[in-house]
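**Q** Here you go, sequence then predicted model.
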Amino acid sequence: SIPLRHGAHRIGNRTDSDMAHWRDYGLGQFIHWGLYAIPGGFWHGQPVNGAAEWIRSSKKVDPKEYDALISQFNPVKYDPVAWALMAKNMGTKYVTFTTKHHDGFCLWPSKYSDFTIMQSPWKKDIIKPFVEAYNKQGIDVYLYFSIMDWHNPDWRYELKTKSDSVAFDRFKEFTKNQLTELLTLYPTTKGLWFDGTWDKSWKASGAFSDELEQYLKKLRPGLVIGSRLRADEKGNRHLDANGRLMGDYHQVWERKIPETIAEVKGYDWECVMTVPENQWGYNARWSGHVKSSSEIIEMLANCVSKGGNFVLNFGPKGDGSFREEEIRLAKEIGNWMAVNGEAIYAAGQSDFRKEDWGYYTKSKTSGKTYMVVFNTPVTNMLKVNIPKNQKIASQKLLGSKQVLPLEHIEGRMHYIRLPGGVRQQPAVIELQLISDDQKKELDVPKT
Ligand SMILES: C[C@@H]1N[C@@H](c2nc3ccccc3[nH]2)[C@H](O)[C@@H]1O
């Protein structure tokens, strides 16, 4: 292997309890909120193509004109307690919240910037009440932080000259100071979600990104940081020059889900997903396909069946209120999670062969296997191929606890008959399995 000083420092996944807790989340919420929510995808009355939180860049807005949005940021409907309750009712276990997106606007009172919530009419810390409200609901908080910062004059896309490097050295110090602020002001933060690290300047800063990660983890032992922060000294990201993951989980899955379990490569991972096609910040005009709760639940089950977490994004409006579609989605997902959460929470990949009707998950706590059924066959007969030395002791519909008929076909092939009827959401069947020898004991008549 290639000798690396700033490549992966660990072979395999983290084995500590903080990471085990992260692995068990199943369902998370992402929140993108900032100045971009004010224009909401429109500029001078015209819709702007691209993601709403990128409007400054995609519309090539005059920085002074964009930054002047700060004078309009006065979210009178911001209610973190209500936000946290909506998340709780959705069944959310962790939340990732934008402290600073690419535009450089800080939602916390940073001492190192003149472009923060304190310079807006709101004049109060947004993050602190948010963290308190979510923690009160038992939801862990992760802070999103964009390394790329369009507002900071020392930011560079690439380091061409000596003066670029001098400026970028100042920028790296600024970055480290802001991250220290965040971990100090919000000590219950469980992890940092880095973004904006794809440019050449950062790829040339592998050593710094490595030292920064080690510094942050020393400041907060147990902190969870994904693979989007680091670069190795050769400019590789996510995987180092030896193909090893740099970070605690694979953070490449933005708006995409691994097709096969092979693509997961055994790493911890999470998928972050938007409701419309590609809008993270509030956009007044959602064009294209908007996902239904059924589609979102299908993605959630898909991720958990492959050992990952699924994080759904919400983009509050500039005034701090949520749009109707997102409020409805949170409710519908929450209704399903209330009945079927045991198939998602502290669950992961099962050893059953994937079938067309949907996904298997396996609970790490109950040991039970779950069938999350999306595509009911016209026969209502669900194929189940039982792995060697295992038998199904019971098969029940979650919610109704109704025992379903099990028919042996041949060999390890069985059918489970799903009750007919139209369903809006996927049905979940709980399988209680026992090993063959256990079954023999059970079959022996009591003397
Ligand atoms: C989690 C997501 N990451 C940001 C982003 N910017 C991108 C530019 C190019 C390609 C992908 C991107 N994702 C999005 O603005 C959002 O914050």
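**A** Yes, it's here.
**Q** Only C-alpha atoms from now on, for both contacts and neighbour counts.
**A** OK.
**Q** Kindly list the longest helix within this protein.
**A** helix 162-185 (DSSP state H).
**Q** Just the CA atoms of it, as PDB, please.
**A** Once non-C-alpha atoms are left out, helix 162-185 reads as follows in PDB (Å, rounded to 0.1, in the frame of the first residue of the first chain):
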ATOM      1  CA  LYS A 162       1.800  32.800  -2.700                       C
ATOM      2  CA  SER A 163      -0.800  35.400  -1.700                       C
ATOM      3  CA  ASP A 164      -3.500  32.800  -2.300                       C
ATOM      4  CA  SER A 165      -1.800  30.500   0.200                       C
ATOM      5  CA  VAL A 166      -1.400  33.300   2.700                       C
ATOM      6  CA  ALA A 167      -5.000  34.200   2.500                       C
ATOM      7  CA  PHE A 168      -6.100  30.600   2.700                       C
ATOM      8  CA  ASP A 169      -3.900  30.000   5.800                       C
ATOM      9  CA  ARG A 170      -5.900  32.800   7.400                       C
ATOM     10  CA  PHE A 171      -9.100  31.100   6.200                       C
ATOM     11  CA  LYS A 172      -8.100  27.800   7.700                       C
ATOM     12  CA  GLU A 173      -7.500  29.500  11.100                       C
ATOM     13  CA  PHE A 174     -10.900  31.200  10.800                       C
ATOM     14  CA  THR A 175     -12.500  27.800  10.100                       C
ATOM     15  CA  LYS A 176     -10.900  26.200  13.100                       C
ATOM     16  CA  ASN A 177     -11.900  29.100  15.300                       C
ATOM     17  CA  GLN A 178     -15.600  28.900  14.200                       C
ATOM     18  CA  LEU A 179     -15.700  25.100  14.700                       C
ATOM     19  CA  THR A 180     -14.200  25.600  18.200                       C
ATOM     20  CA  GLU A 181     -17.000  28.100  18.900                       C
ATOM     21  CA  LEU A 182     -19.700  25.700  17.800                       C
ATOM     22  CA  LEU A 183     -18.400  22.800  19.900                       C
ATOM     23  CA  THR A 184     -17.900  25.100  22.900                       C
ATOM     24  CA  LEU A 185     -21.300  26.900  22.700                       C
END
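**Q** Just the buried positions in it, please.
**A** 164-165, 167-169, 171-172, 174-176, 178-183 (16 or more other CA atoms under 10 Å).
**Q** helices or strands up against that helix?
**A** Helix 162-185 makes packing contacts with helix 206-219 when contacts are defined by 3 or more CA pairs under 8 Å, 6 or more residues apart in numbering; DSSP states H and E.
**Q** Report the next helix or strand after the helix it packs on in sequence order.
**A** Counting by DSSP states H and E, the next helix or strand C-terminal to helix 206-219 is strand 224-225.
**Q** so how far is the very next helix or strand once past that next one from its chain's centroid?
**A** Note on strand 224-225: by DSSP H and E, the next helix or strand toward the C-terminus is strand 270-273. How far strand 270-273 lies from its chain's middle: 4 Å, per CA atoms, centre = their mean, to the nearest Å.
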